[in-house]
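**Student:** need coordinates for the following:
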Amino acid sequence: MLKRLLTLTALFVALSAVLPAAHALAAGSHLRYAIDSNPSFADLERTARRQGIVVLQAWRLDELRALKAANPNVKVLVYKNLSFAAQGGVGPGGLSSSGVSYREAEENPQWFLKNTAGERFASGGYSWLWAMDVGSPAFQDRWADNVVSEVRNNGWDGVFLDDTNPTMKYHYDVSRVAKYPSDRAYTAATTSALAHIGPRVRNAGKLAVPNNAAWVEYYDVGVDWLQYVDGVMDEMFLKWSQRSGEGYRDEAQWNTQLNEIKAAERQGKMFLGVTQSGNDDHGAALYGYATTLLATQGNAHFAMHGDYTNENWFEDYDLDIGSPAASESRDANGVHRRPFTRGMVLVNPTSSTQTASLPGEYTGPEVGRVTRVTLAAHRGVVLEKVGAEPEPPKPPAPVPPVAGSLLATVNDAGDVALSWPLAGPAGSVRYKVSRGARPLGEVGRRGFVDWSSTSGVHTYRVAALDSARRTVRISRVRVAVSPVSASLSARRGYGTVRGFFSSPSLSRWQSLSVQRRDGPRDDWARASVRKPPTRTSHFRVDLGESADVRMVVSSRDTTRRTLTSPAVPLGVR
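**Tutor:** Purely as a prediction, here's the structure:
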């Protein structure tokens, strides 16, 4: 919701999936971001045909059901704020625009983020939005519990996590945030929330799509976050002002945002781009739309919004330019182009007017039949090739190669998250997952987390099944899992134990502590304070005469797993 430039009702607002072929973002590749408390829908059936993604407030259940009835393939996401609780932001049925409501936060005051004066604080631009401690594991648990239950019970396709921010600077003075007084600290807190909440939502068979409107400024952070979710929105895509002619990104930032689409596509994740301008700004809409076409492989969704109440549509969106015929390229004068089988897309991200030649005769709204196009600064154009024959119906998708169609990410706890970027051949309804010869499970979604992985090199296999349970595709990937270990040493009489912890990194482990027992039949009990994870830690422990001791490391992942060192009897040096 970063720098959202619109007026919303104060108490109620602020509040893939079978993907189409990548040809002129046709029905199924556009976005309707309808998060006003009472958005306008002149024709729900038309919206369902045009849009691939629709985002609604939690209480818009009638629209949710109508959209799904008109087009079961449209993905409808429920809006939930991740980092703020909306005071009064509750709609009909008590449904909240926040993952944790203000009432719940009041019952758990430790979840409010405090400033350096020890006071709660609200967003500078939205006085009803109160900052929450997004890095708190207890807050993350409640957020995930609430949202997963609501998404399942009400039939949403997933959740849109607004205010997934790498910085507080657009809401509050970063230096005055007591717990996270830097962008680095706040980014780490938000990362821990995504690492916990994203898998919870995805394991429920639902989509998790955050809004990272500062991605262009924190590019590497945004790319890193993709591993936890199904896609990301950039709400300030190419232009941040809702006034026509104002707020365009410079050419360097335009290139960064073009790379955002490519980064999401490489990971098989959705990209949602929202260009801000007046609702009738055809030039801004076409600039954003054409830029999206330069990079899309079928997972990109675009909208130009002047507000989040109304839907706009432009004639260019209906052009049939076919499928991509090549990758995007840059002319010497800075114009970028991409040929399609029935058309051409051109974008001028520079600050001056440029001219581009065409390899033949093309046509489009407002340009007639042309062989050259002159583009003002920050403008794009989508053109159909004159005389191009309609594309024949596409044959069934071939079986993808064994390598490269299955993606794997190993987190610091040694868990392996698998995802496969496309929904599979026509008729695929279920997926069987195995590690080596061991079956791990069967799912109806395009992702799976192996919580039981061990150190070593493993081969994962995903078999796509049709409705008759016949295998229609098999994909494999080899994954190296680094060892994660904990060990401890102790010396009798000194009251000091030293723990050693090995992990690829420490970011997803929550704490270390020492336990003791006085005899083999006794229960283990905690005997030291909990400490943040480090490679080597010293603990003061009352060792007694004959105790055994061990170190316990707690993780931040969704299972709250623990890693336990071998027990050490006193006297071992």
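
**Student:** please tell me how far the closest residue to Arg516 other than its chain neighbours sits from Arg521.
**Tutor:** Distances taken as Cβ to Cβ, 6 or more residues apart in numbering place Ala527 nearest to Arg516, at 4.1 Å, with adjacent residues excluded. (Glycine included, C-beta is placed from N, CA and C.) Distance of Ala527 to Arg521, computed by Cβ to Cβ, to the nearest Å: 17 Å.

**Student:** and if you look at Thr292?
**Tutor:** For Thr292, the distance to Arg521 (Cβ to Cβ) stands at 66 Å.

**Student:** and those two? which has more neighbours close in?
**Tutor:** Taking neighbours as other Cβ atoms under 10 Å, Thr292 and Arg521 compare with Thr292 leading, 29 against 6.

**Student:** just the element for that one, please.
**Tutor:** helix 282-295 (DSSP states H and E).

**Student:** residues contacting whichever helix or strand comes after that helix, please?
**Tutor:** Heading C-terminal from helix 282-295, the first helix or strand you meet, by DSSP H and E, is strand 300-305. Residues outside strand 300-305 that contact it (Cβ atoms under 8 Å, 6 or more residues apart in numbering): 25, 29-33, 52-53, 237, 261, 264-265, 270-277, 279, 281, 284-285, 288-289, 292, 312.

**Student:** which ones among the residues you listed lie within helices?
**Tutor:** Counted as lying in helices by DSSP state H, out of those, are Ile261, Ala264, Glu265, Ala284, Ala285, Gly288, Tyr289, Thr292.

**Student:** Gly288 is in contact with the first one, correct?
**Tutor:** No. Counting by Cβ atoms under 8 Å, Ile261 stays clear of Gly288, with 11.2 Å between them.

**Student:** who touches both of these two?
**Tutor:** Overlap of the contact sets of Ile261 and Gly288 (by Cβ under 8 Å, 6+ apart) consists of Gly273.

**Student:** show me which positions of stretch 172-185 end up buried.
**Tutor:** Tyr172, Val174, Val177, Tyr180, Pro181, Asp183 (16 or more other Cβ atoms under 10 Å).

**Student:** what's the domain layout of the protein?
**Tutor:** Listed domain ranges for the chain are 30-318, 407-481, 485-569 (source: automatic domain parsing).

**Student:** the shortest one - what's its average pLDDT?
**Tutor:** For domain 407-481, the per-residue pLDDT values average out at 75.

**Student:** now the longest one
**Tutor:** Averaging the model's pLDDT scores along domain 30-318 yields 93.

**Student:** off-centre distance for that domain?
**Tutor:** Centroid separation for domain 30-318 versus its chain: 9 Å, with Cα atoms, centre = their mean, to the nearest Å.

**Student:** and it, how far apart are its ends?
**Tutor:** One end of domain 30-318 sits 11 Å from the other (Cα to Cα, to the nearest Å).

**Student:** got the contact list for the residue lying closest to Val370 once chain neighbours are set aside?
**Tutor:** Once flanking residues are discounted, Val370 sits nearest to Tyr362: 6.0 Å by Cβ to Cβ, 6+ apart. Applying Cβ under 8 Å, 6+ apart to Tyr362 gives the contacts Gly343, Met344, Arg369, Val370, Thr371, Val373, Leu383, Glu384, Lys385, Val386.
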